[in-house]
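> with the sequence up front, the predicted model follows.
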Amino acid sequence: MAGVFLIHSDAAVAQSIKAAVPTVSGLQLLGHAGSAGEAMAKLPALVDIIILQIRLPDADGFNLISQIRQRHPSVYFVPALQGNEAGDVWQKILQNNMRDVLVPPFTPQAIASVLHQASINAQHASPVLEISSSYMVAVASARSGVGKSIFAVNLALAMARQKVKPTLLDYSMSPGDFFTMLDQVPRNTIVEAISQGLSLDVTLLRNLVADHKLGFQFLACPNDDFDFYGFDAGQASNLLKELRSMAEYIVVDTGAYDLPPTHAAVEEADLVYLITTRDLSRLMSLQRWMKSLESRGVERNKFKVIVNNAEVGTEISEEEIEEVLSHPVTAYLPSCPAETVYSINSGKLFVDTRKDHPFTSVIEKLAEFTIQRWAE
């Protein structure tokens, strides 16, 4: 028997819903509250389904949902509407993955039908868990063309293969990169998150990220051009902080070094993988950027330098690379340009399809250290 709790301020509507609940097989009414304050005081310790009025007299229904989920992460919500809500309300309902909605007219048959379907969906809903300790990794570079995004997506997959479920976030601001490399078109993109501004919270964000078939979650840039100039550092930082409360491990693929989202990711991250190649111009650009980041208060011990294309540019030795950077190199990625192009265009990641490749071996070891949070 599934326990149902009702939160609704309209006495007539509440009475109709209370009368309908017992008519649905497998449902039992546990109680009713007429306001958010009363609901938080009377909410039972064990509850399966909450029918909740979105426009409460003393609170925003979506904020109340977020509060309740902190105490009851597996509860299934059924929003009750007035019938004249604007599009943004329906957008939040979809983002919150609410499948069953009560709308006027509140006839016994209509209410019972919605609650019957809700009782079925509630049995298959996944619990929503709050994360107490997260670990965020930013993948960044001072110049483009160094394999940063390839590194980020393969790192996320390698971490997923080691029994964690990371969330991969696309802060590159480049259309279509993840769509191509991951061979999956998600329902939502980072545009929906940007559109929320500073009002974005974990409840909305949780329903924007997509599950990838290979075992991790991701939020990508759209597949076409979009206006990201309004995505400032404050919004970017807010998104990252909300993401921390829902994901234990986060991998952020960043964009150009001077973009606000890149600065936010590097400053917020616990670890920063800095990707470069062996050519002197990119090495010098990275060295200057590291100094700039330090001047902004980013601690140098967060940096792990990864040098791509280790088999080319041998006229610059490993000692000279570290001398130019004034920083040790953590790993060298094997050079495999032909396989890399094929991997990107085919949507087949190295870690998934080239398990014996040296590139995969390096990424898997870095994923292992990342999961261990580089407990050196």
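Arrived safely. Quick caveat: nothing in here was measured; it's all calculated off a predicted structure. Numbering: from 1, shown residues only.

> can you get me a residue count around residue 58?
Residue 58 has 12 neighbouring residues, counting by other C-beta atoms under 10 Å. Where C-beta positions appear, they are placed from N, C-alpha and C, glycine not excepted.

> what's the answer for residue 1, then?
Using other C-beta under 10 Å, the number of residues around residue 1 comes to 8.

> pop the domain breakdown of this protein in here.
Under the assignment automatic domain parsing, the domains of the chain span 2-124, 135-371.

> excluding its backbone neighbours, what's nearest residue 307?
Spatially, and ignoring its direct neighbours in sequence, residue 307 is nearest to residue 332 (4.9 Å; C-beta to C-beta, 6 or more residues apart in numbering).

> give the contact list for the one you found.
Neighbouring residues of residue 332 by C-beta atoms under 8 Å, 6 or more residues apart in numbering: 306, 307, 310, 318, 362.

> what is the neighbour count of the fourth one?
Yep, that's residue 318 we're talking about. Counted with other C-beta under 10 Å, residue 318 comes out at 14.

> any idea how far the closest residue to it other than its chain neighbours lies from residue 350?
What sits nearest to residue 318 in space, not counting adjacent residues and going by C-beta to C-beta, 6+ apart, is residue 329, at 6.7 Å. Using C-beta to C-beta, to the nearest Å, residue 329 is found at 21 Å from residue 350.

> so the residue of the chain most remote from its centre is in which element?
Distance from the C-alpha centroid of the chain, by C-alpha atoms, centre = their mean, peaks at residue 315 (41.4 Å). Using DSSP states H and E, residue 315 falls within no helix or strand.

> that one and residue 279, how far apart?
If you go by C-beta to C-beta, the gap between residue 315 and residue 279 works out to 10 Å.

> next structured bit after the helix or strand of the chain with the lowest mean pLDDT?
Within the chain, no helix or strand scores below helix 87-95, which has a mean of 78 by mean pLDDT, DSSP states H and E. Sequence-wise, the next helix or strand downstream of helix 87-95 (DSSP H and E) is helix 108-124.

> what's the helix or strand just after that next one packed up against?
Under the assignment DSSP H and E, the closest C-terminal helix or strand after helix 108-124 is strand 135-140. If you count contacts as 3 or more C-beta pairs under 8 Å, 6 or more residues apart in numbering; DSSP states H and E, strand 135-140 packs onto helix 148-161, helix 233-244, strand 249-254, helix 260-268, strand 271-276.

> partner strands of strand 135-140, with direction?
With DSSP bridges as the test, strand 135-140 is paired with strand 249-254 (parallel), strand 271-276 (parallel).
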